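Show me the folded form of this:
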Amino acid sequence: MKLKWSAIVFGALIDIAISIAMSFSVLIVYASILAGQGMPEATIQLKLSDPMSSLFFAFVLMAAGVITDAVAGYLTAKFAGYLEYWHALFMIMTVMVVHAGLKADSIIPFWYELLAQTMGVIAALFGAGIYKKKRSSNN
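So this is what the prediction gives:
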């Protein structure tokens with residue numbers, strides 16, 4: 001069997017689109033919390049530009065990415081309909097390549113990037129596994 005590349009591209013685009021939307025949502029909520037604490041706007045902008053300024057903020061962003069990867073893995077597997085894990089793996093690899101290509105001089109530490117990427121792969125495969133189990137139980 002061959003891979004269904006349209007499913008891989010679809011999943012990667014979904015992953016990227018949802019990641020951007022969730023990141024903006026997290027940024028807005030975090031900025032609102034900081035503003036509610038009376039923090040000056042300049043300090044808020046500085047904190048938002050450096051996700052590692054708050055480990056809590058960094059891990060919330062990572063959690064949003066992991067959730068997105070799981071959803072994209074599920075949708076990729078569903079759109080492919082077969083070889084679910086392989087499609088999800090190639091989808092998340094595509095997302096990782098795009099991420100690496102867009103990443104310029106990053107201030108994010110290597111350990112954080114490695115943890116986020118590893119959890120992303122696991123989440124995408126988990127999402128594909130959920131779809132595969134659901135499909136198997138319906139047959």
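
So which residues of this structure form helices?
All helices of the chain, identified by DSSP state H, fall at 5-36, 41-49, 55-80, 84-102, 110-138.

Single out the most deeply packed of those.
Counting by mean count of other C-beta atoms under 10 Å, helix 55-80 has the highest mean neighbour count of those, with a mean of 21. (C-beta placed from N, C-alpha, C; glycine too.)

Now do that helix: which elements does it pack against?
Judged by 3 or more C-beta pairs under 8 Å, 6 or more residues apart in numbering; DSSP states H and E, helix 55-80 is in contact with helix 5-36, helix 84-102, helix 110-138.

which stretches of this protein aren't confidently modelled?
104-106, 139 (pLDDT under 70).

ok, back up a step: export the helices and strands packed on helix 55-80 to a markdown table and append columns for distance to residue 43.
Formatted as a markdown table, the helices and strands packed on helix 55-80 follow (distance: least, C-beta to C-beta, whole Å):
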| stretch | distance to residue 43 |
| --- | --- |
| helix 5-36 | 8 |
| helix 84-102 | 27 |
| helix 110-138 | 22 |
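
Residue 69 is nearest to which of those helices?
Proximity to residue 69 (C-beta to C-beta) singles out helix 110-138 among the helices and strands packed on helix 55-80, at 4.0 Å.

Counting by contacts, list what the closest one packs against.
In terms of contacts (3+ C-beta pairs under 8 Å, 6+ apart), helix 110-138 is packed against helix 55-80, helix 84-102.

The nearest residue to residue 132 once chain neighbours are set aside: what's it in contact with?
Spatial nearest neighbour of residue 132, chain neighbours left out: residue 84 (4.5 Å); criterion: C-beta to C-beta, 6 or more residues apart in numbering. Applying C-beta atoms under 8 Å, 6 or more residues apart in numbering to residue 84 gives the contacts 76-77, 128-129, 131-132.

returning to what we had before: quick one: closest of the helices and strands packed on helix 55-80 to residue 66.
It is, among the helices and strands packed on helix 55-80 and with distance given as C-beta to C-beta, helix 110-138, at 4.5 Å.
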